[in-house]
Structure formats: C-alpha cells, structure tokens
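Q: predicted model and sequence below, questions to follow.
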Amino acid sequence: MKVITLLMALGFLCPSPNTSVAPVQEEVIVLSLHKQDSKTEIDQFLNQLKQHGLALKKQSFSRSLGKIKRFKLQITHPEGLDWKIKGQGFTTFELRLHLDAKKKVQQFSYRFNEKGDYSKPLSLLSYGKSDYQFRGKHCASTSFIMQ
C-alpha cells in the first residue's frame, strides 16, 4: 500500500509527457550592409527590411569613390517602433531580426564591423537612436525608451 501511495504521489508531481510545453520557435535573419556595397545592394537591403514589415521614414546614403561613407536610417513599425541610426567609418553593419513562428519581427539587434556581440534585443514597442562612427577611434552609443 505504501508503494502504491508513493507511486501515485510521484505521478502527481511529475508532468505527463502529453502536457509538456513545446519550445518557442524563433528564427533569426541577419541583414548586412557593407561599405563597398553598390546602389543595387543597398536597395536589396532596404527591400528586405520592408519585406519583414519595417518601414523607412527617412534614408540617406553618402557615397564616395564607390563606397558608403555614411548612412542614416529612420526605421518604423506599426506597433510603435521609431528608431534612428547613423553610421560612419564602418566596414559592415549587421541587423539581426528575431522572427516568431509566423515569420513576424518581434525584436531586433545590430552590430558594426562584425566585432563583439550584437546589441541587446530592441523591442518594436520602443523608440530611440543609435550612433556609430570611426575617426581614429570607435565611438558608439544607443539610447532607447520603451513606450
């Protein structure tokens, strides 16, 4: 009798295999912009942003000798995102989009020059700005506010 009671107690404490929670499926897509990209490659980068539901309020690319010297983007989303980013003196800009199971962007992160970690994930329910420039030394800043 004691064995049966013990087994019953263990059964109540252990979750059954039928009630286990499936892990959340997340897909990550990395969009890259390189200093030497042509106008066509820049347009492809911007179109990929639009395909994932992000809108561009403003965009500016300053080019010199066939290379991107600096860029400014203002990326928005209907959920409230309003993000301005400026980059200057970079070799690579990477934007990592975190998609849910329905292929919708949930958050994103970014980094410059393939160095170090990506920024902390930034929500679509926030606004702010990020700056990066290299003139002999690296200078980067991000300020974000959740709505």
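A: Structure received.

Q: rest of the way, CA atoms for contacts and neighbours
A: Will do.

Q: ignoring the adjacent residues along the chain, who's closest to Asp117?
A: Nearest non-adjacent residue to Asp117, counting by CA to CA, 6 or more residues apart in numbering: Arg111, 7.1 Å away.

Q: now the helix or strand where Ser32 lies, how far from the chain's geometric center?
A: Secondary-structure element containing Ser32, defined by DSSP states H and E: strand 27-34. Relative to its chain's centre, strand 27-34 lies at 8 Å (CA atoms, centre = their mean, to the nearest Å).

Q: check stretch 45-55 too.
A: With CA atoms, centre = their mean, you get 12 Å for stretch 45-55.

Q: what about Glu114, distance to Ser62?
A: Distance, Glu114 to Ser62, using CA to CA, to the nearest Å: 21 Å.

Q: show me the shaky parts of the chain.
A: 1-25, 135-138, 144, 146-147 (pLDDT under 70).

Q: which ones are touching Ser141?
A: Applying CA atoms under 8 Å, 6 or more residues apart in numbering to Ser141 gives the contacts Ser130, Asp131, Tyr132.

Q: can you select the buried ones from the residues you listed in ChimeraX?
A: To isolate the buried subset of the contacts of Ser141 in ChimeraX, counting by 16 or more other CA atoms under 10 Å, use the following:
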select :130,132
